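A.B. asks: model the structure of this input:
(chains A, B and C)
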Amino acid sequence: MQWLLPVIVFAPAIAGVALLLFPQRPAKLIAAGATLAVFLLSLWLYFGLLNGSATTFGDVLHPQWAVDEPWINIALGTFHFRVDYALGADGLSMPMIVLNALLTFLAVVGSWHIDRRIKFYLALILILETGVMGVFAAFDLFLFILFWEVELIPMFLLIGIWGGARREYAAWKFLIYTLVGSSFTLAGIFLIYVQTGGQSATYQHYASVASQLTGSLPLFGGSVSLPLVLFLLLFAGFAVKIPMWPVHTWLPDAHTEAPTAVSVLLAGVLLKMGAYGLIRICLGFVPQGVQEIAPLLGIVAAINVLWGAGASMVQHDMKKMIAYASVSHMGYVLLGVAGAAASVGGASLLDFRQAALTGATLQMFTHGAITGMLFFCVGVLYDKAHTREIDIFGGIATRMPREITLYSIACFASLGLPALAGFVAEYLVFTGTYALLPAQTVFAVFGVVLTAGYLLWMLRRSFFGPLNLKWRGLTDATLREAFPLAALAVVILFVGIYPQPLVDLITPAMQQTLHTVVQALAVH
Amino acid sequence: MTPVDLVWLVPALPLAAMLIIFFGTRMVEIAVQPRPAAVPAPTDHGGHGGHGPADAATTPDTEAGHDATDQTAHTTHGAAAAGGGHGEHGGHTPFWPMLSSIIGVSALLLSFALSLLILWQFLDVNGDVFHTKNLIATGKDIHLYNWFTIGSLNYSIDFRVDTLTVVMLLVVTGVSTLVHLYSIGYMAGDPGYSRFYIELALFTVAMLILVLGANFLVLFIGWELVGLSSYLLVGFWFYHNPPPPGSEVPYPPPAQLKAFVTTRLGDFGFLIGILILFTATGTFNFIELNTKTQAMDKGLLTLAMILVFCGAVGKSAQFPLHVWLPDAMAGPTPVSALIHAATMVAAGVYLVARLFPIYEGVAGPQALAVVGYTGAFTALFAATIALTQNDIKGVLAYSTISQLGYMFAGLAVADTNTVGMYHLFTHAFFKALLFLGSGSVIHAIGAQDMRKMGGLARFMPWTAGTILVATLAISGIPPFSGFWSKDPIITTALEKGNYIIYGLTLFTAFLTAFYMFRLFILTFGGQGSFLGLWGGHDQYRGDAHPRESPRVMTFPLVVLALATILIGLAGFAGFNQGFAWFLNHGVNVDFPVAPALDANTFIGVGAGVLGILLAIAVYGYGLRLNVALASSAVTRPIYRLLYRRYFLDELYLWLIRVVVLGLSNLCALFDAYVIDGIVNGSARAVRGLGNITRRSETGILQNYGAAIFGGAMIILILVFVATGAIGR
Amino acid sequence: MITLNHFLVLGAVLFVIGLFGALSKRNAVAILMSIEIMLNAVNVTLVAFASAILNHGGKALNGATVDSSRLTGQIFAVFIITVAAAEASVALAMIIAIYRRRNTIDVGEINLMRW
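C.D. replies: Model prediction:
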């Protein structure tokens, strides 16, 4: 079954290239078929792992069905440059792989109405899927950064060609922001590679030496803590992607200009790449660096939450509002990680750490599903009304019962209503981090009130009240349009009511990471 | 398999009904009905505030044209002669929506029956019938499933049935059943008929989860879900036009937003409280918390309990978060009765009662003091506002807030949670009765401004009679149920030496009796009738044609009135003592729940009677005290202050506009100008630099050639100098 | 006696003449001719070095032993002549094409690549 993961990673790109060779007409069907197949394969992987050798996905040291072949191996004197073609999946990456496969499939279905250069468009979406899959599946740091950069190209083109009025600005902003960030990450990867012996770049190697990674680095005459420098370098790229305040301003522009399906992918899985990097690489490989800065990270997380919520409150464009909501909600991921790494309490608060980190991971998944659904909802509305101005609508709920039902489910999930997925993750993060970073958590919890405020205020202005006569010709979402919404609603409801399967699968990976964290704490 | 093992069926039945209606009858309803050929251009929106005073003027087409949500009832509704929305006398309900309501009512009836069985099992102390001994003392834990477990931290979905839960189950399912039944008449012909039953069922499920929860997790899930159903039901008529300026009638879309966000503000404190308790004890379970909190830092625990009370303040509409409740009257009246009077708002009281062992025994006295003073102050505060309101539902809303304040005061002053809970129990019936009765009036005349009523007892004797029972009950007049529950609160406060709460509650009792009889006389009576109470000729000030509501609506009224009377009469037979015994797990508490025949009781009842007499004098016999007070230069500002609800809404609106939106705008502007300024600025700097350096690209071939050769020469010379070939 | 140095000076002088022409002439054909002169200057130098090695008795100028029968320099010169011919034809074709479009072969006016 070792072939499964490489197939999931590379099949979309192959399908994407093949798409360009075929005639125009069946392009959508081929793309939908390919993405559906990848989704089913990822589900097979998911359940295959469960029913096969193990009851869990394992952790970073014991990934299931992993592939590891030497790829580049150059010796220059004593210096080895070695890159492994290493793919694997554990409890942290597996939910993301499934989510990516699902959202890409839904994105293809949700792009059915696009006709402009459709072959190229779909090919890019498929290549994007490969890039993102690679980021989550790579088990070698150099392979990771390779896929990380690969993902930029299709995204840049998708925003730049099929975007809205300011698409070029948004695409460049996205590209340059991300590149500037990831150049630091690349530097960090080289530094950690050299500092840990320079023999191997696989995750297993880093994870096994993580807790011993201490010392300091000479800098401008003084010396700085090595883990801190490593963390800051590595995190620079992830912070942009998450996005963390104050490097978040690319997100609203990119979201506003991108076509619906691309916004869905951007919010649904691309932001998770940053969070994934934070947990996997920063927390997993340089835990002491995170520890040194955890309280500050918690403060930034709280700012993220409140700032994003505040900025959402005054947006006039629905998409921009949801983009800021993403900033706000990704703050909970940051908070969870900061809590898990905080140095208070030592090992005695291990359970709370684990709750916080599991919550953060869960939030990655639930936010992907929920925000994806929100963007689809806006997309459906935009396709019919050709505007996303919140105040321009009014009372259109009466014209679009199906849309408003699903839209409000998405909104309530986003504001953390119990029985929907968002609540599970947020509750878990809060219950975990309060023990570790109480003040930061209290501020972040207040975000819950603000979230309810801006989302429901938006619904009230756009959907409720007497019908604005301008929109009396508006039609409801068709079944094809409602399909992605309904699919995500089912996922959200399931996770909200019965989260145990998901949590149980995430837990072992988190336990291993926390084991490293606590070990590092002891060394410190 | 005894009834209590099947307790999960109590919420599961309404849940099943909800799903059947959502995916079943409602879908069929949409499928079978012909699509409207074209959307009628809604030219004239006569409806102001939809169900408000001018509703009678609303043409049927107005809402019908608006509402594609429930196109089923569309055509029939348009054909209904009587009026739009739920104006006068309602309309005709087609088959499929009617089926929805039948499913809803039967599911609730089954739930109620099961709750009764569970009560029987609890009362069956010796296990003669159900072979479960002494359930009343132990209660019953039911583990449904694990959310997940993390290390030693348990997040599990557990139910716990104990006596407190059983009381709440009975109240919720009982009142909910009657409201479901009543709505068949009240909502008849409404285009959203099935949707209404979905949301009612959702509410019932949520409330049942809330009262069944064995830990904070489940309770909080139910807590938020009742918030959701409140949001949905308050905004049920979201498509109505805004009321005209100056109207007291709330407007659904902002009201639903306000209801949700205001209670969320309370939930913020609630959640922090839960987090403190969870961090300190590592458990959500109420039973475990009772013991584990004893090891906690006293100050922290007190703070946590006060924060938990914040949630109750939000949900039970206590000052200063009470502002959402009067606005929540924008929902259909059965909703007001069920959610905003009888059950959901009682959730806060239930929460404090549930945690009473911690409040009373473990936490510092400050926690209960906060509860008590908040409650007593709110009781008076809301009562003063109720004096001046003209909207019949507005008065009732403020009376609800006031009564909830009583419950909190009762919880705070007594040694057990029985006093507060007993008032919750009796209040649920008579307040549901008041609201359903007012709904009956609104249904009959299509208006809810009391200035357009009067003398209605002649037209609708059943409604008037039942409301009179409830009015007497809420005024604390024996032998009605309110007397037995309200008087202990006042007298206990005195016995415990808490004179502030005693004074506040006693004065409030006087005000309550006054404004409730004001309401009754303005609605049903008038000058020239018996004591001003009953009918009177030509007292009706409106222009509709009032007539008694259909039996399906008056039947619940009668049931509730009977309950109010019977509970009151049973008080003479020691029912209250029985209730206290039951609630205290089968232990007789020495605290007298039944009022004694002493001076304190006479003072309490006397305050009520005084209020009634004053109301009769002013409104029944034309003592122009109210006019004098409203127009005198001295009292006019006070009247205005009360009438405008202490300007709290305006204050909050100002706070939101200036502080929240101001800060939000600051964030957005900071992003747009400072952060993006730096981002775009650095991009512009790079571009400027490029603009300078690109000048070297002249495009002339020979310049490039010269540069190449010149450069080569320079490098050559440098190499020579470096290697020492030159200058040796 | 004409020594190696004489050839090298000739080559250098020719190269500089060609360089001056290539950088200073405005006529594209003249620049082309100057480039040809520079190429031929290099040819002279290459051939001079090659024959100098032969005449040196099979030893390189620094004394190292080399295969005296090697004609490396001459072969390079032939190579350069061939390439120069090809280059001249291509360049002339380009000049003609430019002249047809712009009616000038003055390189000062052909500055499409200007910033």
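
A.B. asks: roughly how far apart are A:Glu481 and chain B?
C.D. replies: 16 Å (CB to the nearest CB, to the nearest Å). Backbone N, C-alpha and C define where each C-beta goes, glycine included.

A.B. asks: let me know the pLDDT of that residue.
C.D. replies: With respect to pLDDT, A:Glu481 scores 87.

A.B. asks: ok but B:Ile675 is inside a strand, no?
C.D. replies: No - if the criterion is DSSP: H, G, I helix; E, B strand; the rest coil, then B:Ile675 is helix and not within a strand.

A.B. asks: tell me who's in contact with it.
C.D. replies: B:Ile675 sits next to A:246, A:248-249 when contact means CB atoms under 8 Å, 6 or more residues apart in numbering or on different chains.

A.B. asks: least confident pick among the residues you listed?
C.D. replies: Lowest in pLDDT among the contacts of B:Ile675 is A:Pro246, which has 87.

A.B. asks: not counting its neighbours along the chain, what's nearest the residue nearest to the spatial centre of chain C?
C.D. replies: In chain C, the centroid-proximal residue (CA atoms, centre = their mean) is C:Leu39; its distance is 0.5 Å. Of all residues beyond its chain neighbours, the one nearest C:Leu39 is C:Ala84 (4.8 Å), with distances taken as CB to CB, 6 or more residues apart in numbering or on different chains.

A.B. asks: how about A:Met458?
C.D. replies: A:Ile390 (5.4 Å).

A.B. asks: the one you found: neighbouring residues, count only.
C.D. replies: Per other CB atoms under 10 Å in any protein chain shown, the neighbour tally for A:Ile390 reads 21.

A.B. asks: send the alpha carbons of stretch B:253-264 over as CSV?
C.D. replies: Extracted C-alpha coordinates of stretch B:253-264, given in CSV (Å, rounded to 0.1, in the frame of the first residue of the first chain):
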residue,chain,number,x,y,z
PRO,B,253,-34.3,41.5,12.5
PRO,B,254,-32.5,43.7,14.9
ALA,B,255,-34.3,42.1,17.9
GLN,B,256,-33.0,38.6,17.0
LEU,B,257,-29.5,40.0,16.6
LYS,B,258,-29.7,41.7,19.9
ALA,B,259,-31.0,38.7,21.7
PHE,B,260,-28.2,36.5,20.5
VAL,B,261,-25.3,38.9,20.9
THR,B,262,-26.5,40.2,24.3
THR,B,263,-26.8,36.7,25.8
ARG,B,264,-23.4,35.9,24.2
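
A.B. asks: ok so, going back, residues contacting the residue nearest to A:Met458?
C.D. replies: Contacts of A:Ile390 by CB under 8 Å, 6+ apart are A:315-318, A:321, A:458, A:461-462.

A.B. asks: what is the nearest of these to B:Ser402?
C.D. replies: A:Arg461 (33.4 Å; CB to CB).

A.B. asks: in PyMOL, select just the buried ones from the contacts of A:Ile390.
C.D. replies: To isolate the buried members of these in PyMOL, using 16 or more other CB atoms under 10 Å in any protein chain shown:
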select buried, chain A and resi 315+317+318+321+458+461+462
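
A.B. asks: in JSON lines: the contacts of A:Ile390, plus distance to A:Gly372, pLDDT and secondary structure.
C.D. replies: Formatted as JSON lines, these follow (distance: CB to CB, whole Å; pLDDT from 0 to 100; DSSP: H, G, I helix; E, B strand; the rest coil):
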{"residue": "A:Gln315", "distance to A:Gly372": "19", "pLDDT": "91", "secondary structure": "coil"}
{"residue": "A:His316", "distance to A:Gly372": "22", "pLDDT": "91", "secondary structure": "coil"}
{"residue": "A:Asp317", "distance to A:Gly372": "18", "pLDDT": "91", "secondary structure": "strand"}
{"residue": "A:Met318", "distance to A:Gly372": "15", "pLDDT": "92", "secondary structure": "helix"}
{"residue": "A:Met321", "distance to A:Gly372": "16", "pLDDT": "93", "secondary structure": "helix"}
{"residue": "A:Met458", "distance to A:Gly372": "18", "pLDDT": "92", "secondary structure": "helix"}
{"residue": "A:Arg461", "distance to A:Gly372": "23", "pLDDT": "90", "secondary structure": "helix"}
{"residue": "A:Ser462", "distance to A:Gly372": "20", "pLDDT": "90", "secondary structure": "helix"}
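
A.B. asks: right, and the helix or strand after the helix or strand of chain B with the lowest mean pLDDT?
C.D. replies: In chain B, no helix or strand scores lower on mean pLDDT, DSSP states H and E than helix B:72-79, which sits at a mean of 34. Counting by DSSP states H and E, the next helix or strand C-terminal to helix B:72-79 is helix B:95-123.

A.B. asks: the residue nearest to C:Leu39 touches C:Ala41, doesn't it?
C.D. replies: No - counting by CB atoms under 8 Å, C:Ala84 does not reach C:Ala41; the two are 11.7 Å apart.

A.B. asks: got any ranges where the chain has weak pLDDT?
C.D. replies: Here I'm looking at chain A. For chain A, applying pLDDT under 70 flags the ranges A:1, A:49-57, A:346-347, A:523-524.

A.B. asks: please go with chain B instead
C.D. replies: For chain B, the ranges with pLDDT under 70 are B:33-90, B:536-537, B:590-594, B:727-728.

A.B. asks: closest point of it to chain A, which residue?
C.D. replies: B:Gly151 (3.3 Å; CB to the nearest CB).

A.B. asks: which helices and strands does whichever strand or helix holds A:Tyr193 pack with?
C.D. replies: Under the criterion of DSSP H and E, A:Tyr193 resides in helix A:167-195. Using 3 or more CB pairs under 8 Å, 6 or more residues apart in numbering or on different chains; DSSP states H and E, the elements in contact with helix A:167-195 are helix A:141-150, helix A:152-162, helix A:226-241, helix A:250-257, helix B:676-693.

A.B. asks: tell me which of these is the most buried.
C.D. replies: helix A:250-257 (a mean of 26; mean count of other CB atoms under 10 Å in any protein chain shown).

A.B. asks: any idea how far stretch C:102-110 is from the middle of the chain?
C.D. replies: 24 Å (CA atoms, centre = their mean, to the nearest Å).

A.B. asks: circling back: and the residue nearest to C:Leu39, what does it touch?
C.D. replies: C:36, C:39-40 are the contacts of C:Ala84 under CB under 8 Å, 6+ apart.
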